[in-house]
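[1] Next one to model:
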Amino acid sequence: LDDAETRRGISSLNAQSGNKLAILAGDFLLARASVTLASLQNTEIVELLSRVLEHLVAGEVMQMSAGPEQLTSMAYYLDKTFYKTASLMANSSRAVAILGEQQPEVCDLAWQYGRHLVRAVFLGGVSKQSAGGCAWWCGT
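    Down below sits the predicted model:
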């Protein structure tokens, strides 16, 4: 969705082949993932991972429509990061616990683990950027 030339040091697909092909490639991967997800025949897991897609779109909209005040707000940054990245990790972690037939408390802990893991990685990236450098997870 952006015009980045690279992703984590590697030439991006949109830079190599254009946005249209990059979007179609993403659509294809989403379709394959949806087929695989449906094969689990578990509506709770389908619901969890569908929520991830909803959050991803909401996060992209947040990023694309942010005003100057929002761009300097840590709370806004954390919300956007949750929607764009942490939701995937949190809900995927919960899905693994559910599929592993864990107790509800363990499923909740798995969700929290995924959320906090991404938060820690991104806050570490912000701190490295502030110090003048950036690790691979910053997207540069």
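[2] CA only for contacts and neighbour counts going forward, please
    Will do.
[3] I'd like the distance from residue 82 to residue 35, if you could.
    The spacing between residue 82 and residue 35, counted by CA to CA, to the nearest Å, is 25 Å.
[4] again with residue 11
    Per CA to CA, residue 11 is found 29 Å from residue 35.
[5] swap in residue 63?
    Noted for residue 63: a distance of 29 Å to residue 35, by CA to CA.
[6] Please apply the same query to residue 114.
    To residue 35, residue 114 is 24 Å away according to CA to CA.
[7] more neighbours, the two?
    Between residue 114 and residue 35, counted using other CA atoms under 10 Å, the more crowded position is residue 114 (20 against 11).
[8] element containing that one, please.
    Here residue 114, judged by DSSP states H and E, is contained in helix 104-130.
[9] Now do the buried residues in that helix.
    Neighbour-count burial for helix 104-130, counted by 16 or more other CA atoms under 10 Å, picks out 107-108, 110-116, 118-119, 122-126.
[10] just stretch 26-41 next, same as before
    Buried residues in stretch 26-41, counted by 16+ other CA under 10 Å: residue 37.
[11] which residue is nearest the middle of this protein?
    Nearest to the geometric centre of the chain sits residue 85, at 2.2 Å (CA atoms, centre = their mean).
[12] what sits against that one?
    Residues near residue 85 by CA atoms under 8 Å, 6 or more residues apart in numbering: 56, 118.
[13] after the strand or helix carrying residue 62, next one along is what?
    If you go by DSSP H and E, residue 62 is part of helix 43-65. Next in sequence after helix 43-65, counting helices and strands by DSSP H and E, comes helix 68-71.
[14] what helices or strands is that following helix leaning on?
    helix 74-81 (3 or more CA pairs under 8 Å, 6 or more residues apart in numbering; DSSP states H and E).
[15] In the helix it packs on, which residues are buried?
    76, 77, 80, 81.
[16] what sits up against that helix?
    Under CA under 8 Å, 6+ apart, the answer for helix 74-81 is 59, 60, 62, 63, 70, 71, 119, 122.
[17] If we only consider the residues you listed, which is nearest to residue 15?
    Of all these, residue 15 sits closest to residue 60, with 19.2 Å by CA to CA.
[18] what sits against the closest one?
    By CA under 8 Å, 6+ apart, the contact set of residue 60 is 80, 84.
[19] No more questions from me, cheers.
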